[in-house]
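A.B. asks: everything below, folded, please.
(2 chains)
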Amino acid sequence: MKDEMPVKPLKEVPREKAFYFFTSLGNYTGESATSLKEFADKVKLVNIKSLEFHLSRRDFEKWATEVLEDKDLAAKMVRLQTIGLTGELLRNRLYAMVSDHYNSLMYRYGKR
Amino acid sequence: MPPRKNQRPLDDTDFKILKTLQEDARQTYTAIGKRLDIAHTTVYDRIRRMEEKGVIRKYVAIVNEEKIDPGQITALMTIFTDPKESEKVAEKLGEYPQVLEVYTSLSEELLIIAKVVAENQEGLHDFIANMVAPLPGVLRIRTSIITKKFKENQFALIRDPKKLTEREQKNK
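C.D. replies: Sure, this is the predicted structure:
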């Protein structure tokens, strides 16, 4: 029997709650994500400056907590922030972490 | 096409009066008349006519934002938009009190340029991230924070009023 499904991380959020990728204050890249899956896909392609910008501001952690309501994911984001990665290393680690998290949620709560 | 009889074009005197009002709109008709070497009744007539024609839209106080809130920042946003949605984006921006001016412009892409104020840099970013980026049709945003204002004028006379008058005289 499946566990009770945490709805938010596996569903799309409204447009106004999406994650908007900026490269610096006020500079929007045009990329956004309305779900965890889309977020992972966008991590692969956005300007690396954007990932560094949001990581330093703890925006990933805030989005995971406040919008996706996924404390586990938020905690993983915090750990990533403390490591202090930059550049492609950051992209690769962030993508791997979000993808693994998404896949584990799908395994536990998604359609099989 | 020659101007209609009751729509006399602005002449040199009108422009001089406008320029004087731009410097200080609270001057009396007499003071303006003395300055321009014309009768105060002429000043009164010209100003009243320009008000009626909508050349002078209103008289406002120009506020020094730095005196009200020294921490407040002003920025110019360049918003790249989907052409189908740009009118709606511009109209929506105009509804926000933080947005002071909104313009559309066409370069390689359709742009909206907006002047916006915020209490600080973080407030500016929050406004753009939460209120502007989510608008349908917004493709990208570039924001420049204004660090120093060198000039601010509401009106500039870039045509020579004398030449204007000569040309208009020919049309009469």
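A.B. asks: lowest-pLDDT helix or strand in chain A?
C.D. replies: When each helix and strand of chain A is scored by mean pLDDT, DSSP states H and E, helix A:7-10 comes last, with a mean of 69.
A.B. asks: what does that helix contact?
C.D. replies: By CB atoms under 8 Å, 6 or more residues apart in numbering or on different chains, the residues outside helix A:7-10 that reach it are A:35-36, A:67-70, A:73, A:101-102, A:105-106, A:109-110. In this view, the C-beta of every residue, glycine as well, is placed from N, C-alpha and C.
A.B. asks: stretch B:25-34 now?
C.D. replies: Outside stretch B:25-34, the residues that touch it by CB under 8 Å, 6+ apart are B:17, B:20-21, B:35, B:39-44, B:47, B:59.
A.B. asks: neighbour-wise, which of those residues leads?
C.D. replies: B:Val43 (25 neighbours; other CB atoms under 10 Å in any protein chain shown).
A.B. asks: that residue contacts B:Leu18, correct?
C.D. replies: No - at 11.3 Å, B:Val43 does not count as touching B:Leu18 under the criterion of CB atoms under 8 Å.
A.B. asks: please name the nearest non-neighbouring residue to the closest residue to chain B within chain A.
C.D. replies: The nearest approach of chain A to chain B comes at A:Gly26, 2.8 Å away (CB to the nearest CB). Leaving aside its chain neighbours, A:Gly26 sits nearest to B:Thr143 (2.8 Å; criterion: CB to CB, 6 or more residues apart in numbering or on different chains).
A.B. asks: A helix includes that neighbour, no?
C.D. replies: No - counting by DSSP: H, G, I helix; E, B strand; the rest coil, B:Thr143 is not part of a helix but strand.
A.B. asks: doesn't B:Lys115 fall inside a strand?
C.D. replies: Yes - assigned with three-state DSSP, B:Lys115 falls within a strand.
A.B. asks: what's across from it in the sheet?
C.D. replies: On the basis of DSSP bridges, B:Lys115 is bridged to B:Leu76, B:Glu101.
A.B. asks: before we move on, back to that, looking at the contacts of helix A:7-10, which are in helices?
C.D. replies: Of the positions in the contacts of helix A:7-10, A:36, A:73, A:101-102, A:105-106, A:109 sit in helices, assigned by DSSP state H.
A.B. asks: let's have the residues you listed in a markdown table, adding neighbour count.
C.D. replies: Listed next are these as a markdown table, based on neighbours: other CB atoms under 10 Å in any protein chain shown:
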| residue | neighbour count |
| --- | --- |
| A:Leu36 | 26 |
| A:Leu73 | 23 |
| A:His101 | 19 |
| A:Tyr102 | 19 |
| A:Leu105 | 19 |
| A:Met106 | 15 |
| A:Tyr109 | 16 |
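A.B. asks: turn the residues you listed into TSV, columns for distance to A:Arg93 and pLDDT.
C.D. replies: Shown next, in TSV, are the ones in helices among the contacts of helix A:7-10 (distance: CB to CB, whole Å; pLDDT from 0 to 100):
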residue	distance to A:Arg93	pLDDT
A:Leu36	16	94
A:Leu73	14	94
A:His101	12	94
A:Tyr102	15	93
A:Leu105	19	89
A:Met106	20	86
A:Tyr109	24	80
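A.B. asks: kind regards, and thank you for your time.
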